[in-house]
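Peer 1: sequence and predicted structure are below.
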Amino acid sequence: MSAAELTPPEAARWAARAGLVLPAERHSAVATVANHIHSVVMVLRELDFADVPPAAAYRAAEEKHDAAV
């Protein structure tokens, strides 16, 4: 998907390409949701996680329990 917003006809085309039946009245709603998800993902991609270890490095058994909030 390009940086331009997904249009309702494009949403219908992508749904059909994926083998999904998408009624005509849903094209606009699906395009709106897809554009929202894309905008959220774009923000997440800008975050700097350089100092965060990968999930595989997390060990629940080593976690210190503390009732303080």
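Peer 2: Good, I have the coordinates. Numbers count the residues shown, from 1 in each chain.

Peer 1: quick one: the helices in this structure?
Peer 2: Along the chain, counting by DSSP state H, helices occupy 8-17, 27-46.

Peer 1: what about the shortest one, average pLDDT?
Peer 2: Within the predicted structure, the mean pLDDT of helix 8-17 is 95.

Peer 1: hang on, isn't residue 22 packed against residue 30?
Peer 2: Yes: the pair residue 22 / residue 30 is scored as a contact, 6.4 Å apart, by C-beta atoms under 8 Å. (C-beta placed from N, C-alpha, C; glycine too.)

Peer 1: give me the common contacts of these two.
Peer 2: Common contacts of residue 22 and residue 30, defined by C-beta atoms under 8 Å, 6 or more residues apart in numbering, comprise 11, 12, 15.

Peer 1: about what we covered before: output the helices of the chain in CSV; the columns should cover mean neighbour count.
Peer 2: Putting the helices of the chain into CSV (neighbours: other C-beta atoms under 10 Å) gives the following:
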stretch, mean neighbour count
helix 8-17, 15
helix 27-46, 12
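
Peer 1: of all the ones you listed, which lies closest to residue 64?
Peer 2: helix 27-46 (28.5 Å; C-beta to C-beta).

Peer 1: which outside residues touch that closest one?
Peer 2: Helix 27-46 has contacts (C-beta under 8 Å, 6+ apart) with 1, 5, 6, 7, 8, 9, 10, 11, 12, 15, 22.

Peer 1: could you rerun that using 10 Å?
Peer 2: With contact meaning C-beta atoms under 10 Å, 6 or more residues apart in numbering, helix 27-46 is reached by 1, 3-15, 20, 22-23, 26.

Peer 1: next, the distance between the ends of stretch 15-34.
Peer 2: End-to-end distance for stretch 15-34, by C-alpha to C-alpha, to the nearest Å: 11 Å.

Peer 1: hmm, residue 13 is touching residue 20, no?
Peer 2: No: with contact defined as C-beta atoms under 10 Å, residue 13 and residue 20 do not form a contacting pair (11.1 Å).

Peer 1: where does the protein have low pLDDT?
Peer 2: Across the chain, the ranges flagged by pLDDT under 70 are 1-3, 68-69.

Peer 1: go again with 50.
Peer 2: Along the chain, segments meeting pLDDT under 50 span 1-2.
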